[in-house]
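Q: The amino acid sequence is not available; the structure is as follows:
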């Protein structure tokens, strides 16, 4: 898809007013993805009672800032499956540029595991981002999927505290409610991630920061605070 792997981040790269991904109560899109050892695996082929699927890339400060909270969640819920869908680089720079090949994309995903010590299963999307597009193409959304392949919780921006609360409710047989507020990444994580991405990433990020703050911290959080979603039971069929 032309333009999917952008070489320069702009705040207009995403429609921050309307998330286009699937909602709770809908069937989770499946896909054949690449594993870090070069094999393939179906996205919805998981062993746990639920699958917590997070979108991420090594150049995304939000994803990097959530990793500590997600690691705690993995320890808290050992019977649940966790996976990362490795998507396009959120903030490409001279060092970690846009994906030009499948090998380059897999290489960045491997670096997330080996250099950043990510312990969750990492599944690499196609170069054209087919699975990512099916899940709304935000850089750090999260979905909880039940054994029936039904989405029972989603958040356009992952908030690990809210995600853990939702998962606890689902495992207790109760519907999950509330996406949680959008929280910015801690400044040290932002600077470390963008510096690692290389020249250009820092400038592009801060150029778009006013728009990002308005769209996410204010408008999006206000929509979440005022909106109400229909609860979806944990054993839903769709």
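A: Good, I have the coordinates. The model shown is predicted, which means the values in this text are computed figures rather than measured ones.

Q: and residue 131, helix, strand or coil?
A: Assigned by DSSP: H, G, I helix; E, B strand; the rest coil, the conformation of residue 131 is helix.

Q: Let me know whether it touches residue 34 as I believe.
A: No: counting by C-beta atoms under 8 Å, residue 131 stays clear of residue 34, with 10.6 Å between them. Yep, even glycine has a C-beta here, placed from its N, CA and C like the rest.

Q: In what element of secondary structure is the residue lying closest to residue 192 once chain neighbours are set aside found?
A: If the residues on either side of it in the chain are set aside, residue 192 comes closest to residue 64, at 7.7 Å by C-beta to C-beta, 6 or more residues apart in numbering. For residue 64, the element it lies in under DSSP states H and E is helix 61-76.

Q: the strands in the chain, which residues?
A: 32-35, 40-42, 50-56, 81-86, 121-124, 142-146, 151-155 (DSSP state E).

Q: Residue 209 and residue 227, how far apart?
A: Distance, residue 209 to residue 227, using C-beta to C-beta, to the nearest Å: 25 Å.

Q: more neighbours, the two?
A: A direct count of neighbours by other C-beta atoms under 10 Å for residue 209 and residue 227 places residue 209 higher, at 13 against 9.

Q: Now do the contacts for the more buried one.
A: With contact set as C-beta atoms under 8 Å, 6 or more residues apart in numbering, residue 209 has these partners: residue 11.

Q: what is the residue nearest in space to the middle of the chain paired to in the beta sheet?
A: When the chain is reduced to its mean C-alpha position, the nearest residue by C-alpha atoms, centre = their mean turns out to be residue 55, at 2.1 Å. Here residue 55 sits in beta bridges with residue 85, as judged by DSSP bridges.
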